[in-house]
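Chemist: Quick one: sequence plus predicted model below, questions after.
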Amino acid sequence: MAVNAARFLEDLHTLRSFGASGVGKGVVRPAYSKADIAARRWLANRMEEAGLRVQFDPVGNLFGLAEGPSLLLGSHSDSQPQGGWLDGSLGVIAALEIARSSNRPVSVVSFQDEEGRFGVTTGSAVWSGHMRLNRADALTDLAGVPFATARATMADLAGGFVDASQFTGFVELHIEQGPVLDSERDQIGVVTDIVGIRDMVITFEGQQNHAGTTPMHLRHDAFQALATFNARLEKRFQKHLARRTVWTIGYVSLLPNASSIVPGRVSFSIQWRDSDPARLGRMEKIIRTTAKEVAAERGMTLSNGMMLGLDPVAMDPALRAALEAGAEAVAPGRWRRMPSGALHDATNVARLMPVAMLFVPSIGGISHNFAEDTDEEDLVAGLRVLDHAVQELA
Ligand code: HGY
Ligand code: MN
Ligand code: MN
């Protein structure tokens, strides 16, 4: 049976209705939110209708299992706090469509907390053994909620962890989330490797005080400490940046955040990504040294949260070759091999089985934004390439 493009698109749009932001096609569906859990319940029903056996695991990863050995397809259905409708969802709904149209045994997964409310790809990190459950339970989100508390909200659904030995491999379809395919007018990207990441929260604790009476030379201003740290880091990183090195301070909490108070405390995230683990290590040293220096100079107490990370991984050559053959069949001359600068569950799953990934274009290279979108023609092309590869592999 061939894939049903209309049914695939309809399900993709239905998934978007869970946590719809009301701004463009955007979604607000962070891991374990009401919208996320409702979406997972809906997905579980769709999996059952497709003849799959549904199993939630103790961290909320949702599997639809085929009988006997099968290929695993999927991605994640949680979103960023301001997320796009396709990030993760595309891979899950494409997997569902292929599972219900294919004569071959195909299982489907939607991993939990790929977007890192609690860490980095938390659900697949635990399932794959990259992070032990008791360590994950101690993680907290930015509001201080422990992972253990969040996953307990899905306890009524939870079964055991799914045995990975039934899967022969994992293939994840995803949007590119970057500008390459769109600007080069290619329709498909076959992923060669996924970059590595490190992520940590740093806190500078200074002295909260009156903004009118405290002389400048007596201040221990947490905002000024962060500003100095950022400027110094940017300068120091200059000679270490390779073409694909990126670093981001994306979260900042300044206390008490009021115009007439010298801020006493700042907590912020620092995240860096690269394809070379050695460079990630050198950048870590620079970050730690710079933070210590700035704290000493400005009379701050420094504390670092737990550093989380994933190393770069290469895609499996045989699975990749099947995707390349599919790309050539569906989009002849309009596909390319490319690295992934975004993180994906496939990185963790690679510990357990061969993995591969393919991309479709993101319009304007925009993602992690309500405006994220892809032409429906390209979404369907991605589905067809994945289906082609599945038929070849099975
Ligand atoms: O941040 C990432 O790369 C992914 O979207 N979780
Ligand atoms: Mn994603
Ligand atoms: Mn994402």
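Modeler: Received it, and whenever you're ready, just let me know what you need. Ligands and ions are numbered 1, 2, ... in the order given.

Chemist: Going along the chain, name the helices of the stretch 1-150 of the chain.
Modeler: Ranges of helices in the stretch 1-150 of the chain, per DSSP state H, counting those that start in this stretch, are 5-16, 34-49, 89-101, 122-128, 133-137, 147-152.

Chemist: Now the last one: buried residues?
Modeler: Of the residues in helix 147-152, those buried under the neighbour-count criterion (16 or more other CB atoms under 10 Å) are Phe147, Ala150, Arg151. Backbone N, C-alpha and C define where each C-beta goes, glycine included.

Chemist: got the contact list for the closest residue to the second one other than its chain neighbours?
Modeler: Right, Ala150. The shortest distance from Ala150 to any non-neighbouring residue, by CB to CB, 6 or more residues apart in numbering, is to Tyr32 (4.2 Å). By CB atoms under 8 Å, 6 or more residues apart in numbering, the contact set of Tyr32 is Gly60, Asp78, Gln112, Asp113, Arg117, Ala150, Arg151, Thr153, Met154.

Chemist: now Arg336
Modeler: Arg336 neighbours (CB under 8 Å, 6+ apart): Val180, Leu181, Glu184, Asp186, Ile188, Gly189, Val190.

Chemist: can we see that at 10 Å?
Modeler: Residues counted as contacts of Arg336 (CB atoms under 10 Å, 6 or more residues apart in numbering) are Val180, Leu181, Glu184, Asp186, Gln187, Ile188, Gly189, Val190, Thr192, Ala327, Phe359.

Chemist: Same check on Leu352?
Modeler: Taking CB under 10 Å, 6+ apart as the test, what Leu352 contacts is Leu72, Ser124, Trp127, Ser128, Gly129, His130, Ala164, Ser165, Phe167, Gly169, Phe170.

Chemist: pLDDT score for it?
Modeler: On the pLDDT scale, Leu352 is placed at 98.

Chemist: Show me what from the stretch 51-200 of the chain comes close to ligand 1.
Modeler: Glu114, Glu115, Gly116 (CB under 6 Å from any ligand atom).

Chemist: So which bits of the stretch 251-394 of the chain are right by ligand 1?
Modeler: So the stretch 251-394 of the chain meets ligand 1 at Ala342, Leu343 (CB under 6 Å from any ligand atom).

Chemist: quick one: the strands in the stretch 251-394 of the chain?
Modeler: 252-255, 261-262, 265-274, 301-304, 308-310, 313-314, 335-340, 355-360 (DSSP state E, counting those that start in this stretch).

Chemist: can you redo these as JSON lines with mean pLDDT?
Modeler: Below are the strands of the stretch 251-394 of the chain laid out as JSON lines (pLDDT from 0 to 100):
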{"stretch": "strand 252-255", "mean pLDDT": "98"}
{"stretch": "strand 261-262", "mean pLDDT": "98"}
{"stretch": "strand 265-274", "mean pLDDT": "98"}
{"stretch": "strand 301-304", "mean pLDDT": "98"}
{"stretch": "strand 308-310", "mean pLDDT": "97"}
{"stretch": "strand 313-314", "mean pLDDT": "98"}
{"stretch": "strand 335-340", "mean pLDDT": "98"}
{"stretch": "strand 355-360", "mean pLDDT": "98"}
